[in-house]
Every structure is written in C-alpha cells, then in structure tokens.
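Asks: What shape does this take:
(one chain, ligands or ions: 1)
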Amino acid sequence: MSDRPSIAVLVSGSGSNLQAIIDASERGEIPCRVGVVISNKADAYGLTRARKHGIPAEVVDHRGFGRREDFDARLVEVIRTSGASLVCLAGFMRVVTPVFLRAFPHRILNIHPALLPSFPGTHGPRQALEYGVRFSGCTVHFLDEGVDTGPIIVQAVVPVYEDDTEDSLAARILAEEHRIYPMAIRLFLEGKLGVRGRRVLAKGAGRIPAFSCRNPDA
Ligand code: GAR
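Replies: Got it, this is the predicted structure:
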C-alpha cells in the first residue's frame, strides 16, 4: 500500500484521460494514486485500463436506480469506502445531483473538450466545428451545480483547421486534455488552488508569456 492520497476517477467510456492520470501517478508526477475507478457502463474500456494496473474497478449502472439521487448516493458510498480525497470526472457522461456535489465540496474536478464557457454539454468538438471558431481547446474546472459551469482551473488552446473533421479536432483536443488534467490534479493536491468567486488562483504556478496568434495565418 502506498501512503500517497487516493483519488477516485469516474469514466463512461474509453478512459484515455484516466490512463494519462494513472501514468502520471506511476511516474511520480502527481502526488497521489488512483484508488478506485467507477463507471456507469459495464463495457467501458476505462474499467479494463484500471484492472490492468491493479486498480479496483467498480460498475454502478445508472439504469438500476429509479432516481438520479439514489444513483449518486451509491457513487458517494463507493468513493467514501475507497478513502479518496479527490474525485475526478474523466469522460463521465452523467449529470450529477446535489447529493453527489455536497458529499465532496470543492473536491470534484471535471474535464471538458472545449474552451468553456463555449460549447458545454456532450459534443464540444462538433459544436466548435459547426460554429466555425478558429480555436478550441479543453478545460479542467471544479464541478458545480450547472453543466460545465464551475470555476476554471486550467485551459489549453488548439487551432481548428478548415479540413478538420469532428474526429481530427477531438483528437487534437484530447492530446491536450492528457496534459492538463494531471497538471490540475497536481495543483489541487499540492494545495495551490484558491477559489475567489468564479476565479481560481494557482499559487506559485508558472505564468506563460503574453502571446497572440492568428488562425488562419494569411
Ligand atoms: C474527453 O474528450 C472528455 O473531455 C469528454 O469525453 C471524452 C472522454 O474521453 N467529456 C465530456 O464531453 C464531458 N462533457 P476518454 O474516455 O478517452 O478520457
């Protein structure tokens, strides 16, 4: 057993962000271990990824619960039993209720494949393409009671190209997700994040140089 704090990761699908978190943990880049992985879908590949690393993987199928609150109460129970001190939603495609939020106040992170507050919801890359923005990206934020509305911790920007498909843009964004999610977890666990209203201050974090760029570059 490691004495590093444990985190819980919730997934609904492939779990590539989960993999980035596990890898960062195993390389010692984030000061925690993944103590439990939970999915609402029994066939989520994220569960297989967890088991390959000897991490307990649990299925809590939302269809087995009459009310969202009952589903959330079961999630809370599994997470509490694991002893996790931080909850990371990583492609977890369920809207949670206050039952879940209030169990882990200011201790739930989410990742979203768009530059919030643009394009919240389930199809960030598709919405960005359809809207015609020239830049998109990804966001790690604290969860609050809205959909993708909580205080923003880290964002990364990528260009949108004219020949992009939803898949090519999603892949470019995903590569950045794999960088910023472990970074946000590290800042949180090092106690560097302070929330002031909507703004998150990251104490001691590096400041990027001021820059500007244009797309297209004509
Ligand atoms: C990621 O792009 C994540 O940002 C997105 O689902 C994908 C999961 O990929 N989440 C949302 O859209 C939440 N609204 P993964 O299972 O390979 O980590």
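
Asks: Just the buried residues of the host helix or strand of residue 179, please?
Replies: Per DSSP states H and E: residue 179 is located in helix 166-189. Within helix 166-189, the residues that qualify as buried are 169-170, 172-174, 176-178, 180-189, counting by 16 or more other Cβ atoms under 10 Å. For the C-beta atoms, the positions are set from N, CA and C on the backbone; glycine is no exception.

Asks: Also stretch 205-218?
Replies: Under 16+ other Cβ under 10 Å, stretch 205-218 has no buried positions.

Asks: What's the mean pLDDT across it?
Replies: For stretch 205-218, mean pLDDT rounds to 94.

Asks: and that stretch, how far from the chain's centre?
Replies: In this view, stretch 205-218 has its centroid 24 Å away from the chain centroid, taken as Cα atoms, centre = their mean, to the nearest Å.

Asks: can you check stretch 147-160 too?
Replies: Per Cα atoms, centre = their mean, the displacement of stretch 147-160 from the mean C-alpha position of its chain is 10 Å.

Asks: Output that stretch as CSV, restricted to C-alpha atoms.
Replies: Only the C-alpha atoms of stretch 147-160 are listed here, as CSV (Å, rounded to 0.1, in the frame of the first residue of the first chain):
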residue,chain,number,x,y,z
VAL,A,147,-23.5,21.8,-16.6
ASP,A,148,-19.8,22.6,-17.3
THR,A,149,-20.2,25.9,-15.4
GLY,A,150,-17.8,25.6,-12.4
PRO,A,151,-14.7,27.7,-11.7
ILE,A,152,-12.0,27.1,-14.3
ILE,A,153,-8.6,25.7,-13.2
VAL,A,154,-6.6,25.2,-16.5
GLN,A,155,-7.3,25.6,-20.2
ALA,A,156,-5.3,24.6,-23.2
VAL,A,157,-5.9,26.0,-26.7
VAL,A,158,-5.7,24.3,-30.1
PRO,A,159,-6.3,25.6,-33.7
VAL,A,160,-9.2,24.5,-35.7
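
Asks: Mind checking the pLDDT average for that stretch?
Replies: On average, stretch 147-160 scores 98.

Asks: again with stretch 120-130
Replies: Per-residue pLDDT over stretch 120-130 has a mean of 97.

Asks: Then stretch 83-99?
Replies: Stretch 83-99 carries an average pLDDT of 97.

Asks: Helices along this structure, start to end?
Replies: With helices called from DSSP state H, the chain shows them at 16-26, 45-52, 68-82, 98-101, 124-131, 166-189.

Asks: Within range of the ligand, give me the residues from this structure.
Replies: 11, 13-17, 90-91, 111-113, 122, 124, 174, 177 (Cβ under 6 Å from any ligand atom).

Asks: Now the buried members of those.
Replies: 11, 13-17, 90-91, 111-113, 124, 174, 177.

Asks: what are the phi and psi angles of the residue nearest to residue 186 when sequence neighbours are not counted?
Replies: Here the nearest residue to residue 186 in space, its sequence neighbours aside, is residue 30; by Cβ to Cβ, 6 or more residues apart in numbering that works out to 4.7 Å. Dihedral angles of residue 30 (phi, psi; degrees, to the nearest 10) stand at phi -130, psi 140.
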